[in-house]
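# Below: sequence and its predicted model.
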Amino acid sequence: MFGASLGSLSLKDLQPAAAQKVEATPYRHWEDLYRQRWTWDKVAWVTHCVDCYPGNCPYRVYVKDGVALWEEQAGRYGVIEPGVPDMNPMGCQKGAGWAQMLYAKERVLYPLKRAGERGEAKWKRISWDEALTEVADAVIDAIQEVGPESIVHEMTGAQGGPLALGAVMRFIDLVGGLSMDLDAVVNDFTPGMYLTFGKIFASSVDDWFHSDLIYIWHMNPAYTRIPYYHYIAEARYKGAEVVTVAPDFSPSAVHADHHVAVKPGTDAALALGMCQTIVEEKLYDAAFMKEQTDLPLLVRVDNRRYLRESDLKEGGSEEQLYFFDANSQKITAAQRGTLALDGADPALEGSFSATLADGRPVEVVPVFELVKERLQEYTPEKASEMCGVHPDTIRMLARKTARMKANILLGFNSGKQYHGDLQERAMCLLLGLTGNWGKKGTGIRIWSAGPWPGMISGAKLKPGAEGTEEVTRMIGQMESALRAQDPTLSHELAITELSTRMTSMSQLAAPVFFWYYNCGYRENWNRREWNDPSMVRSFDDYMEEAQDKGWWQGNVRPNKDTPSRVYIECGGDTLRRTRGGQTQLLKHLWPKLNMVVNIDWRMNTTGLFADIFLPCTTHCEKINFHFSTVHTNQLVFNDRSVDAPGEAKSEPEIFRLLCRKIEERAKARGFLEYRDSRGLPKRLDDLYDRYTLMGEFAQDDAMIREWVNDGVITGILPEGTTMETVREKGFIRFVDWGSSPMAVNQGSDLLPNETHCPLRHHTEKKLPYPTLSRRAQFYIDHDWFLEAGEELPLHKDTPKMGGDYPFVLTSGHPRWSIHAANMINKIMLNTYQGRPFVFMNPDDARAKGLEEGEEVRVSNDMGSMITHVKISPAVRPGQVISYNGFNPCQFKEWQDAANVEPGMVKWLHLAGGYGHLRFRPMCWQPVPVDRAVRVEVAKID
Amino acid sequence: MRAGEESPTIARSQVYRLLARSFAFPDEALYEDVTKGRWQEQVSQVLPQFPFELAAGGGAAVAFPFAEFQAEYNRLFEVGTMGGPPCPLFGGHHERDRMRVMEELIRFYNYFGLSMAAGQLPDHITVELEFMHYLTFKEAEARQQNREQDSYQRAQKDFLDRHLGKWVPVLRQKLFNFDPPPFFAELVTFTDEFVGRDRQYLKSILNPSPF
Ligand code: SF4
């Protein structure tokens, strides 16, 4: 190899490219390299297909020699509604530094197999073929030993965008495994909104500009809505008042007109105090209440249940409810197909007599009477004692809400509280009393998926337009059949019904059963002292009753006899994310698993405890779209502008190869057929063909192109849109909702030149809501709710979850990271302390003898974490704030905040068999909470 | 140095190539070369031809099986635990801003008519060492053909000053906190020594830039 002669040049990692400049221009000094600095090989569209949802910021990426050197905001969105500011320039500091992540230190570039114990970080680099063979055999073993539902995937929107999510879900669907509901997995729920409206929804962000009174409530947009925050500032410059409701002087309080420092977990008392003032001072909007809400509906005084048709006549409907018409002086059936009153004047007050089917008279009163009675407990003075807000402030806010266009910007914080449902219901009541929804600039918002072309593509049995038309025809036929059965169903109600029914036929599961049976949460959930005292029986009892009554029929998956065997993590990090984290899962779930496969672009905690690690491409390395959302209503494109380093592959490619490998191994093992949990036959020997629709989607580009084409055929993208248009423009505004249930649940038309304000179909077209009463429903007369005293909103103290400790631990999304994705991005590390910390009040710190930056142990009966303390007067006494998203590896002992979170669920959310209370993905099911957990904070000696 | 006296440059070029190959993910050929002493032999052969003094290195025998050899490479250089490997072989990870490092490397390579092979990134030690192999090779070739060599020598000096020579000492320092097996310990030590001496040598032979 070595010798005295020059021999030949031997290049492996470098290769000759352009003509050698040095021949023409001798190299003198390194500055010579920069003479052509502002030239690029390529400039492409990019966005960040992660769970910064709603995100959707179009960026331009600048590529040189296959490396994405930097990105910048595109700022190309047009004006939607004249007079309303445009959305530009969309972006945030994480986005600006995202290209760094492609080249992050934690990136994994080759398939790995565990060479030591799980978690020991001893790895063997193996070939893709070896890795896929291991996974394929484990999948087949699991099917043979337990059944396909022992193959589990927890959906997350974290790292791979819709391309990744679609890829893994399709695989799970075809083999008959389980995909756990995304929003339940990440605990993004708004149960109170769902209880009230039977759906969740959000306005577009530019609609905030129309508001007169903006409540930032359970939200911290200064941190978490960086691309959109300007609408709050712009509305304020236009004259709107901004009220931040938060226990701490949050970063969003800084820019507000009012900071309402509510005690943690007492927001319902505050809202009900405002409601009391509104009722007391007769500031309410009676016409709105009569038409849009259940407040005029009659409730029997004897059993506190709605007066139903089944009460009045033998065989009558359980869902037909009544009001007292002041015009005709008669108890009148509330129409189910429309909110229009047709000349009736439903009474909000009074007491009436109804005659039951057996001839007995019974006293009935409108829900509003019961609300008034309940509100007596919430005079501003009484509410103030509960929530700590001065009675004058409560009255002042109530009066403003009653006379202004009020908009509650709600974040996913409330749903992470044990009694978040009650808090949200109380907020909705406040808006219901004041007529504050279904008009621009009003309402309450949470997150919502937008129209989605991939929805149809995923259901197709044939590629191309023919397959699309087949699916749309089928949806149309099913919708027609439903509406023929029940002519009171609107398009929205029919689509909602259809999607609920189809869920039970899909592989999508509510993870509550997985957590209960396989992850060891049963013990925590049964602990009385960590639950509300009105949970009078054990959690097990409620679980049993819910199943016995068939409320979860077809949806108890996995059941108690199905231990999990294969766990597929794709783009998320369950050991960081799950409440109870490593403590719960490593102890209870991991020993059951024969194969943990982690598909990610970087090493994370789950990866560390995986058996096989499959490296995937990210960001500019694969073609993708951002998840669509009603916040912007744009389909935002992410082009493949660079090749992945090492051997990383896109998620769809990984699953295509896995399907091929399973097929091959199944044939070799002579195991070709089996039945899934519903008894439906499944085959493994044609898995690849079915996965790729006979090879049509053997390439990612073909899939994405099909999504675009399907978007045009189904009318959600403008006619004439092609893949080429998308690639050139970078984003396309949707023109219609299509049949995506969440988009249809907006209950408004998507207009080309107006901001999007949900619920206008109800207020303007008088279409019914998808609830039991077909109205916005504040009164829930489900037996369990009656037993718990929660038929109407009220305030309840948060149980002492985690044990009887003096501090309340709250959280929120951080400024420096989209969940955990960017937390250890080098650039971001430089913009914060670069290490985990908790905020504490100076008095508390003093009492504990703590100095700024000192290490502390935060602990409770669940576990503990060691972190640093940051002392700030913005934090209220008794509160400790730990922002979400720090990676366990940033902590000593690798124990993060998840380890002090017991992951309690509220038992009432198992309720079903009642109108809209039935399993609905992303909307209704029990989901673990993590806010207001009790902890101790101690100095470390 | 006149034409025909290029053997020190050839020796340098060959060592850069050998080191580039040695830092790649270890295959059986490398394992064999190291365990059978061939690797060490090659280095010893070429040492006397260097234009500077340098002791042999990287010679310690591999005391564990091939699989362990690879696992150790993964542990130290490629995967590590969470947050990445403790001693990444990408130079940019030892700097504050990897993007700027990569940008300049690309500009270096492009300037000299090179581009990266698929799947590679510009700041991997194997790419940087290979670039030095290329520059030294071209220097020797130019000398043989009586062409201008200055460009190559200046580029080598700048490249070592601004890249390899800057971060390899950091890599060496970090490595010894993580209990490296002898071969990797000595490979990194030898590379650092070699790059350091080469840097000094280039400084000594180059006049200050007239520009
Ligand atoms: S990370 Fe999300 S919010 Fe930030 S710029 Fe990217 S798309 Fe926008």
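Perfect, thanks for sending it.

# now for the helix or strand harbouring residue A:689, which elements pack on it?
Residue A:689 belongs to helix A:687-691 when assigned by DSSP states H and E. Identification of packing neighbours for helix A:687-691 by 3 or more Cβ pairs under 8 Å, 6 or more residues apart in numbering or on different chains; DSSP states H and E yields helix A:161-175, helix A:651-669. Using the backbone N, CA and C atoms, a C-beta is placed for each residue, glycine as well.

# number of nearby residues for the closest residue to residue A:782 other than its chain neighbours?
Once flanking residues are discounted, residue A:782 sits nearest to residue A:914: 4.6 Å by Cβ to Cβ, 6 or more residues apart in numbering or on different chains. Burial of residue A:914 is recorded as 17 neighbouring residues (other Cβ atoms under 10 Å in any protein chain shown).

# How about the one 3 residues further on?
By the measure other Cβ under 10 Å, the count of residues near residue A:917 is 23.

# again, but for residue A:53
Counted by other Cβ under 10 Å, the residues lying close to residue A:53 total 18.

# so it, which of the three states?
Classification of residue A:53 into helix, strand or coil gives coil, according to DSSP: H, G, I helix; E, B strand; the rest coil.

# For it, give its distance to residue A:346.
Distance, residue A:53 to residue A:346, by Cβ to Cβ, to the nearest Å: 39 Å.

# Would you map the helices across chain B?
B:7-22, B:28-35, B:38-46, B:66-73, B:98-111, B:125-144, B:150-159, B:165-175, B:182-205 (DSSP state H).

# My guess is residue A:651 contacts residue A:159. True?
No - taking Cβ atoms under 8 Å as the definition, residue A:651 is not a contact partner of residue A:159, at 9.2 Å.

# Report the set of residues contacting both of these two.
With contacts defined as Cβ atoms under 8 Å, 6 or more residues apart in numbering or on different chains, the residues shared by residue A:651 and residue A:159 are residue A:571.

# picking that back up, just the helices and strands packed on helix A:687-691: most buried one?
Between the helices and strands packed on helix A:687-691, the one whose residues have the most neighbours on average, counting mean count of other Cβ atoms under 10 Å in any protein chain shown, is helix A:161-175 (a mean of 24).

# got a list of what residue A:748 touches?
When contacts are counted by Cβ under 8 Å, 6+ apart, residue A:748 is found next to A:756, A:757, A:758, A:759, A:760, A:761.

# distance of the residue lying closest to the fourth one once chain neighbours are set aside from the ligand?
The one in question is residue A:759. Nearest-residue entry for residue A:759: residue A:438, 4.0 Å, with adjacent residues in sequence omitted and distances by Cβ to Cβ, 6+ apart. Taking Cβ to the nearest ligand atom, to the nearest Å as the measure, residue A:438 and the ligand are separated by 28 Å.

# Around residue 141, count how many other residues there are.
In the absence of a named chain, chain A is used. For residue A:141, the count of nearby residues is 17 (other Cβ under 10 Å).

# nope, chain B
Neighbour count of residue B:141, defined by other Cβ under 10 Å: 18.

# pLDDT at it, what is it?
Taken from the predicted model, the pLDDT recorded for residue B:141 is 93.

# cool, and residue A:825?
Note on residue A:825: pLDDT of 86.

# One more: the one 3 residues further on?
We have a pLDDT of 90 for residue A:828.

# what does residue A:709 give?
The predicted local confidence for residue A:709 is 96.

# and what of residue A:7?
For residue A:7, the pLDDT comes out at 77.

# Equivalent analysis for residue A:96, please.
According to the prediction, residue A:96 has pLDDT 91.

# Without its sequence neighbours, what residue ends up closest to it?
Computed as Cβ to Cβ, 6+ apart, the closest residue to residue A:96 that is not its neighbour in sequence is residue A:71, at 6.5 Å.

# Using the three-state scheme, assign that neighbour.
The assignment at residue A:71 comes out as strand when based on three-state DSSP.

# who's in contact with it?
Listed by Cβ under 8 Å, 6+ apart, the contact set of residue A:71 reads A:46, A:59, A:60, A:61, A:62, A:95, A:96, A:98, A:99.

# of all of chain A, which residue lies closest to the ligand?
Nearest residue of chain A to the ligand (Cβ to the nearest ligand atom) works out as residue A:95 at 2.2 Å.
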